[in-house]
Every structure is written in C-alpha cells, then in structure tokens.
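*Asks:* model the following, please.
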Amino acid sequence: MIAFNKAHLTGKEIAYIEEALHTQSSGNGKFTKKCQDFISKKYGFKKTLLTTSCTDALEISALLLDIKPGDEVIIPSYTFVSTANAFVLRGAKIVFVDSSKDHPNIDVSVLEDHITPKTKAIVVVHYGGVAVDMDELMAVASKHNVYVVEDAAQAINSYYKEKPLGGIGHMGCFSFHDTKNIICGEGGALVINDERLIPRAEIIWEKGTNRSAFIRGEVDKYGWVDLGSSFLPSEVTAAFLYAQLEDIEKIHRSRMQAWSYYFEKFSEFLPSHGVSLATFPQFAAHNGHIFYLLCTDLEQRNELIRLLKREGIQAFFHYPPLHLSRFYLQTHKPKPLPNAIKFFEQIVRLPLYADIDRSDQNYILNTVKTSLNAFRESQQSSMEI
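*Replies:* This next block holds a predicted model:
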C-alpha cells in the first residue's frame, strides 16, 4: 500500500528528545523557546506560543477575543471542525460562508453580506496552504472593526504577496500534526500579531497565571489572574519539533518537487477525462501541502478512490461541509452553500510527502489514468444499454 502520508524524520529528533529528558521534560523550557524564537524570527511574527495542537491555538484566540454567547463568528463551511468548535465552546453563533467557485477557500467577495453588528471575528482558512485574498479580507474586517484569525493549520511556509500566512490577521494558528509539512506528532502554535493581545495571551497559555512574567523576573510571584488552561506542550514535543524546524527549507523543497512533478504529468491527460487540477491565484505561494484532483461529480470521485485503493494506493476526499453536519443541523436549517458541497463531492487527495519515491508517483499517475479510462468505459457502456 502506498500510504497517503509518511512522516519525514531529520535524524535529530531522538537526540533532541533525549536532551530534553535529561534537562526538562515539562513545558516552556529550552526547546519551547528555541521553537518559538525560530518561528518568530524566520517569519517576522511579533509573538509565537507553542501549543499542543492547532485546536488549542484556536481556543486561545477565542478566549483572547472575549467571545461570548451572542457573538457571531464567520468561518468557511469547508473546513475542519476545530475551526468552528473553538468558538462554539465560548458560546458564539457560527455564520458559515461558502467557498469561492474556483477554490475551496472562503469566498471573500460575499463576506460583507454576512457581517452584522454582532460579528466579532472572521476566521479565514488557507486551504492546502493556498492564501485567501488577505488585502480584500482585511479591508472588510477593518471597515467593520472585526478581528481576523488565520487558521493556517496547513500553511506553514506559505505566503501571500511575500507575507507569511499566519502573520497578516490579528492572530494566526498553525498545526504540526503528523499529517502536516512540519510535525511533532501532535502540536501547534499561536502567532499573535496584535501587540495589545500578547500579555494576556501568555497568561491564558500558562493556565491563567502570570508565570511567564515571573520567569522573566517582572513579578516576585505568580498566581491565578485570568482564564486559561494547559495549552503549552511538553519539552519532548518541542524537541521533536525543533529538529523539524531546522530542516524546514529542505522539507519544503522536497514537497514542492513532488507536487510540481504531479502537476506537470497530470496536466498532460486529465482534461480529456473532465478532471481538473487546483487553480492558484497569482498572489499565493503555497507550500505543497496537498495535491488533489477535482473529479466531475460524486460518482466519479468515489469510483476513483475505490479503484486506487484496490491497486494499493491510499487516496481520500476531504471535508464534509460543516453547515450540513449533524451537530449544526440540530439547531439550524441548512444554508445553500453549493461550492462547499461541490468541493466535498469532487476532491480526491493523493499521496504526497517529502520522501515520496518518484517510482511511486509514476505508479500513482498511471493508476489514476487507467482508473479514469475504466470509469469512462463503464459510463459509456451504461449509456449504450
């Protein structure tokens, strides 16, 4: 079986973990600081806080924005449940917006239609590491005095007009889950770009205490001063992550080479089957996080995944739209968001990781071609009958 994802190891992870185990294994130690400093310096972020997941980073952002029952938060329907859950936990009403016609990202052109006096924040998701039009989005947010949180779970080392994703909104949230470009098993980071939010972010991150200020010698003792939780990861996790961060450009190049090879070869035969490739706006420089095909419909998508699995290739569709989820429909009527449904029904994600063999890629390419030919022939036979 050609796995959908395989973790890339740099060779330094175990040595750094052993170092952490012999010095400090609890959180907010040497490796936590190394990771935070590395990320902030490389991308010019004002403040970076490691978290145990991107979900935790989103939850901190909801606390920082004082989200309360009755507040409205705008998010795309086509996203992972954590994007919504972090704000639902604080009592927010989620306002779903459709994807754009040509990309799974949120349709910025209709954002303003969804803003009301109760709107507190817009959470924008950069699907597959591809940037949303952040100039337009930030202009809408500024006009209505609304906060922007970037769900950049898939977008480490991706850019919008040479600006790193996660560094444009008031806050950015990253994932280092095992399926992401840079990993530590489970992990994440919160980036704070609005300096007014930094002092409280540290407190929430440290279980609602001012321990960070105490460590810096700014107070003579620390105590419970605000809401918070145990959001920071262990030094073992941070040590693993630091080994990955040191090799981020090497990992990025490998992924982009594999992604570009797919794109070049698939472009030669996909159009004849009605299947298309992802499109990218000129302002977006992505990180090769996902390679996906867009099938003609749900039937072709399911059959392609089935045929690939039969030939030993793991391939998957992606997010069921949240506005059609069982949880949401318990209290809401479904909204007409046709583009989110379209991408759910058409996307097929193929194996892509830093160490994927070119021979495996060629096998995947040939198997997709054979499978699409078989599907077309079966369709023609059905029409003749």
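
*Asks:* and the biggest helix by length in the chain, what other elements does it pack with?
*Replies:* The helix that spans the most residues within the chain, counting by DSSP state H, is helix 358-384. Applying 3 or more Cβ pairs under 8 Å, 6 or more residues apart in numbering; DSSP states H and E, one finds that helix 358-384 contacts helix 248-266, helix 298-310. Quick note: C-beta positions are derived from backbone N, CA and C, even for glycine.

*Asks:* any chance of these in a markdown table, plus distance to K30 and mean neighbour count?
*Replies:* Formatted as a markdown table, those follow (distance: least, Cβ to Cβ, whole Å; neighbours: other Cβ atoms under 10 Å):
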| stretch | distance to K30 | mean neighbour count |
| --- | --- | --- |
| helix 248-266 | 19 | 17 |
| helix 298-310 | 44 | 17 |
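
*Asks:* quick one: which of those helices is nearest D113?
*Replies:* helix 298-310 (28.3 Å; Cβ to Cβ).

*Asks:* in CSV: the helices and strands packed on helix 358-384, plus distance to E206 and mean pLDDT.
*Replies:* As requested, the helices and strands packed on helix 358-384 are exported to CSV (distance: least, Cβ to Cβ, whole Å; pLDDT from 0 to 100):
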stretch, distance to E206, mean pLDDT
helix 248-266, 27, 98
helix 298-310, 44, 97
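
*Asks:* wait, which of these is closest to A213?
*Replies:* Between the helices and strands packed on helix 358-384, helix 248-266 lies closest to A213; by Cβ to Cβ that is 30.4 Å.

*Asks:* so for the helix or strand that the closest one is followed by, what's the average pLDDT?
*Replies:* Later in the chain than helix 248-266, the nearest helix or strand by DSSP states H and E is strand 276-277. Averaging pLDDT along strand 276-277 yields 96.

*Asks:* just how off-centre is strand 276-277 within its chain?
*Replies:* 21 Å (Cα atoms, centre = their mean, to the nearest Å).

*Asks:* with stretch 347-366 instead?
*Replies:* Per Cα atoms, centre = their mean, the centroid offset for stretch 347-366 relative to its chain is 21 Å.

*Asks:* now the end-to-end length of that stretch.
*Replies:* Length of stretch 347-366, first residue to last, Cα to Cα, to the nearest Å: 19 Å.

*Asks:* quick one: average pLDDT of that stretch?
*Replies:* 98.

*Asks:* next, the buried residues of the longest helix of the chain.
*Replies:* 361, 364-365, 367-369, 371-372, 375 (16 or more other Cβ atoms under 10 Å).

*Asks:* give me the angle between it and helix 248-266.
*Replies:* 40 degrees (axes from the mean of the first three to the mean of the last three Cα atoms, to 10 degrees).

*Asks:* can you check the pLDDT for the closest residue in space to G274 that isn't next to it in sequence?
*Replies:* Leaving aside its sequence neighbours, G274 sits nearest to T296 (Cβ to Cβ, 6 or more residues apart in numbering; 4.5 Å). We note a pLDDT of 95 for T296 in this prediction.

*Asks:* and M383, by the same measure?
*Replies:* Taking M383 on its own, its pLDDT is 61.

*Asks:* quick one: the strands in the stretch 101-250 of the chain?
*Replies:* Applying DSSP state E, counting those that start in this stretch to the stretch 101-250 of the chain gives strands spanning 119-125, 147-151, 159-160, 163-164, 171-175, 188-192.

*Asks:* between the ones you listed, which gets nearest to S254?
*Replies:* strand 159-160 (18.2 Å).

*Asks:* show me what the closest one is packed against.
*Replies:* By 3+ Cβ pairs under 8 Å, 6+ apart, strand 159-160 packs against strand 284-285.

*Asks:* can you list the strands that the strand it packs on pairs with?
*Replies:* strand 159-160 (antiparallel) (DSSP bridges).

*Asks:* mind listing residues that contact the strand it pairs with?
*Replies:* Outside strand 159-160, the residues within contact range by Cβ atoms under 8 Å, 6 or more residues apart in numbering are 131-134, 165, 168, 283-285.

*Asks:* redo that, cut-off 7 Å
*Replies:* Residues outside strand 159-160 that contact it (Cβ atoms under 7 Å, 6 or more residues apart in numbering): 131, 134, 165, 168, 283-285.
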